[in-house]
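**Q** One predicted model, sequence on top.
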Amino acid sequence: MGHTISLPASPANSQPALRRHPTRPLMLLEPECTPVIRPAHAPTRLAPVLSMRSALLEWFRPRRFAYPWRSDPPDPYRVLVSEVMLQQTQAARVAPAFSAFVSQFPTVQSLAAASKAEVLRTWSGLGYNRRAVALHDAARLVMRDHDGTIPSDPEVLVRLPGIGPYTAAAVASIGFGLAVPALDSNARRVVCRAVLGVEPSVVPNRIVEETAGDWLDRADPATWNQAVMDLGREACRTTPRCDRCPLRHGCRFVGERPAKRRARQPRFEGSMRQVRGAVMRAVLDRSPATIAQLGKVTGFAADRIGAAVNGLCRDGLVSATRGALAGNPAGRVRLPE
Ligand code: SF4
């Protein structure tokens, strides 16, 4: 039996209501997909969900092995590494870094046995080094608590360091074929636009998740999730490229104007982020190093380097003497063991 998901009908004192598309009625999924997604009193019709699904899968077919972490059968460890890398880095940049990383650490066992310093050195260049520390900690916990086998249950995965609900769902579905939707920002955009006809910013999370779950291809959730994410990355970007999108004939957002772009990021030049990055690179090149040496290499003053070292220490990316934490020129900083 299908069920109706009632969406907010009024913008008053609640989330903004879903806008009605001027020409397209809201989507009613076909019986085998079971759900009905429409606000109360909305006119309904069968939308071409199955043809949209096959169009998307057809579009995805040549991309299926486009990245080095995609394999048949999938390797959950490689899926985990790739998903952690993809959290804050574009796929094109991740691809070479991923290959280098898994060639150095081909299994969860080898990753867990490595030192933090080795892991950080192999990760260097990808940035957001905290991800490397968390991944390494996760590998050690997998060895300690799960007999060296990556767990398949998203509820268990999410308890590992550095793994949030999205990464857990991606590993469960792509690595193990579990029927859970993996909603990164790209997939969220596709689901909201194509099925609900609105931008994700106006839809409550619960509705997005239910909609994605209803739309999921339960016969092959791994392929489906990757196809939806790829579509968001390639066609359904912030500014959508509907003319090259396989969903354009059924999508409820086609022809709509996208939401305004987010505000620019704060300036990088002179920021603590820049100092941290420079200090981390210097320590990766030469460990241990004194604050004075780091000042010479990076060109930043000792007090700023001291502040950066404090932050890096808190994140487990370096270890430092008390003097270094106080910005003392003779204080020493090193990579963690
Ligand atoms: S048709 Fe346009 S808005 Fe709809 S999913 Fe494709 S790119 Fe996104």
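**A** Ah, there it is. Residues are numbered from 1 along each chain as shown.
**Q** What residues does the stretch 51-200 of the chain have near the ligand?
**A** Proximity of the stretch 51-200 of the chain to the ligand is confined to Val190, Arg193, Ala194 under the rule CB under 6 Å from any ligand atom. For glycine as for every other residue, the C-beta is placed from the backbone atoms N, C-alpha and C.
**Q** Those in helices, which ones?
**A** Val190 (DSSP state H).
**Q** which of the residues of the stretch 51-200 of the chain next to the ligand lies closest to Leu160?
**A** Val190 (27.1 Å; CB to CB).
**Q** give me the number of residues near the closest one?
**A** When neighbours are counted by other CB atoms under 10 Å, Val190 registers 28.
**Q** Next, the contact list for it, please.
**A** Val190 is in contact with Val228, Leu231, Gly232, Cys236, Leu247, counting by CB atoms under 8 Å, 6 or more residues apart in numbering.
**Q** quick one, phi psi at Asn129?
**A** phi -60, psi -20 (degrees, to the nearest 10).
**Q** coming back round to it: distance to Pro151 and pLDDT added to the residues of the stretch 51-200 of the chain next to the ligand, as CSV?
**A** As requested, these are exported to CSV (distance: CB to CB, whole Å; pLDDT from 0 to 100):
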residue, distance to Pro151, pLDDT
Val190, 28, 96
Arg193, 33, 94
Ala194, 31, 94
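**Q** Please parse this protein into its domains.
**A** Domains of the chain are assigned by automatic domain parsing as 76-176, 272-334.
**Q** what ranges do the strands span in the stretch 1-150 of the chain?
**A** Per DSSP state E, counting those that start in this stretch, the stretch 1-150 of the chain carries strands over the ranges 4-5, 26-28, 36-37, 44-46.
**Q** thought Asn129 was touching Gly277?
**A** No - between Asn129 and Gly277 there is no contact under CB atoms under 8 Å: 9.1 Å.
**Q** what about those two, which has more around it?
**A** Shown here are Asn129 and Gly277; by other CB under 10 Å, Asn129 has more neighbours (22 against 17).
**Q** Could you find the closest non-adjacent residue to the more buried one?
**A** Leu317 (5.3 Å; CB to CB, 6 or more residues apart in numbering).
**Q** hang on, isn't that neighbour packed against His136?
**A** No - counting by CB under 8 Å, Leu317 does not reach His136; the two are 11.1 Å apart.
**Q** Kindly export the top helix by length along the chain (C-alpha atoms) in PDB.
**A** Across the chain, the longest stretch assigned as helix under DSSP H is helix 130-145. Extracted in PDB, the C-alpha atoms of helix 130-145 (Å, rounded to 0.1, in the frame of the first residue of the first chain):
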ATOM      1  CA  ARG A 130      41.700  15.700  10.300                       C
ATOM      2  CA  ARG A 131      40.000  13.200   7.900                       C
ATOM      3  CA  ALA A 132      43.200  11.200   7.700                       C
ATOM      4  CA  VAL A 133      43.500  11.000  11.500                       C
ATOM      5  CA  ALA A 134      39.900  10.000  11.900                       C
ATOM      6  CA  LEU A 135      40.200   7.400   9.100                       C
ATOM      7  CA  HIS A 136      43.200   5.900  10.800                       C
ATOM      8  CA  ASP A 137      41.400   5.800  14.200                       C
ATOM      9  CA  ALA A 138      38.400   4.200  12.500                       C
ATOM     10  CA  ALA A 139      40.700   1.500  10.900                       C
ATOM     11  CA  ARG A 140      42.200   0.700  14.400                       C
ATOM     12  CA  LEU A 141      38.700   0.400  15.900                       C
ATOM     13  CA  VAL A 142      37.600  -1.900  13.000                       C
ATOM     14  CA  MET A 143      40.600  -4.100  13.900                       C
ATOM     15  CA  ARG A 144      39.900  -3.900  17.600                       C
ATOM     16  CA  ASP A 145      36.100  -4.200  17.700                       C
END
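**Q** so what does that helix touch, helix or strand wise?
**A** On a contact count with 3 or more CB pairs under 8 Å, 6 or more residues apart in numbering; DSSP states H and E, helix 130-145 meets helix 76-86, helix 108-113, helix 116-123.
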